[in-house]
Every structure is written in C-alpha cells, then in structure tokens.
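S.K.: Sequence first, then the predicted structure, then my questions.
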Amino acid sequence: MISCSLRWLSGSECSCRAPCRDRYRGPVQGALVAGGIVALTALPYVLGFGRSSSNPSALPNNYAAALGILLVLIAAVAAVLVALRRNR
C-alpha cells in the first residue's frame, strides 16, 4: 500500500485503484507535498525543541495551533482548485 501511494504521488501508474481521478491529481498531490513540507519544517517548533524555563521568550507561541491552521488552509486551497476543475 505504501509503495502504491508513493507511485501515485510521483504520478506513475499503479496496479491498485487510484484514490482520485487524473484531473484532480495535481491539486491533491500539491497539497500533500506542501502539507508534508510544512509539517516537517514545523515539527521541531511543535515538539518544543530549544524551549527552556529560564528563557520564556524562546518559542513563546502555540505552534501546534498555527500548524493546524496552515494545514487547513492548504487543504482548503486544494479543495477550491478541485472544485474549479470539476466545473470545467
């Protein structure tokens, strides 16, 4: 299943049934790649690496909430692009 998912993300054919149609593949792949990059980049902040009790100004924000909001925005943009392609 993982190898099929990776082949689907790369755009090559897969022996299993594809999760979405070809015309929706671009926005879905873009959203998955963008979300993965954002999540990997934000992971050290979300986990709190570098936070110390002696310096409260280090990592003062709620990075988990910001990551969630950003991932929802990426998904919303992908949904809008899929909806626009559906209307064509």
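M.R.: Now that the structure is in, tell me what you want to look at. Numbering: from 1, shown residues only.
S.K.: any idea how far the residue most central in space within the chain lies from residue 74?
M.R.: Nearest residue to the geometric centre of the chain (Cα atoms, centre = their mean): residue 35, 1.7 Å. From residue 35 across to residue 74, the span is 5 Å (Cβ to Cβ, to the nearest Å). Glycine gets a C-beta too; all of them are placed from N, C-alpha and C.
S.K.: check which helix or strand covers the residue nearest to the centre of the chain.
M.R.: Assigned by DSSP states H and E, residue 35 belongs to helix 22-47.
S.K.: how about that helix: buried residues?
M.R.: Residues of helix 22-47 classed as buried: 24, 25, 27, 28, 29, 31, 32, 34, 35, 42, 45, 46 (neighbour count, 16 or more other Cβ atoms under 10 Å).
S.K.: need those in TSV with distance to residue 64 and pLDDT, can you?
M.R.: Shown next, in TSV, are the buried residues of helix 22-47 (distance: Cβ to Cβ, whole Å; pLDDT from 0 to 100):
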residue	distance to residue 64	pLDDT
24	29	86
25	30	88
27	26	92
28	25	92
29	25	93
31	20	96
32	20	95
34	18	97
35	15	97
42	9	95
45	9	92
46	5	93
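S.K.: Which one of the residues you listed is nearest to residue 69?
M.R.: Looking at the buried residues of helix 22-47 and their distance to residue 69, the nearest is residue 42, at 11.1 Å (Cβ to Cβ).
S.K.: Tell me, how many residues neighbour the closest residue to the closest one other than its chain neighbours?
M.R.: Closest residue in space to residue 42, ignoring its immediate chain neighbours: residue 67 at 4.7 Å, by Cβ to Cβ, 6 or more residues apart in numbering. The tally of other residues near residue 67 (other Cβ atoms under 10 Å) stands at 18.
S.K.: So residue 67 belongs to a helix, correct?
M.R.: Yes: under DSSP: H, G, I helix; E, B strand; the rest coil, residue 67 sits within a helix.
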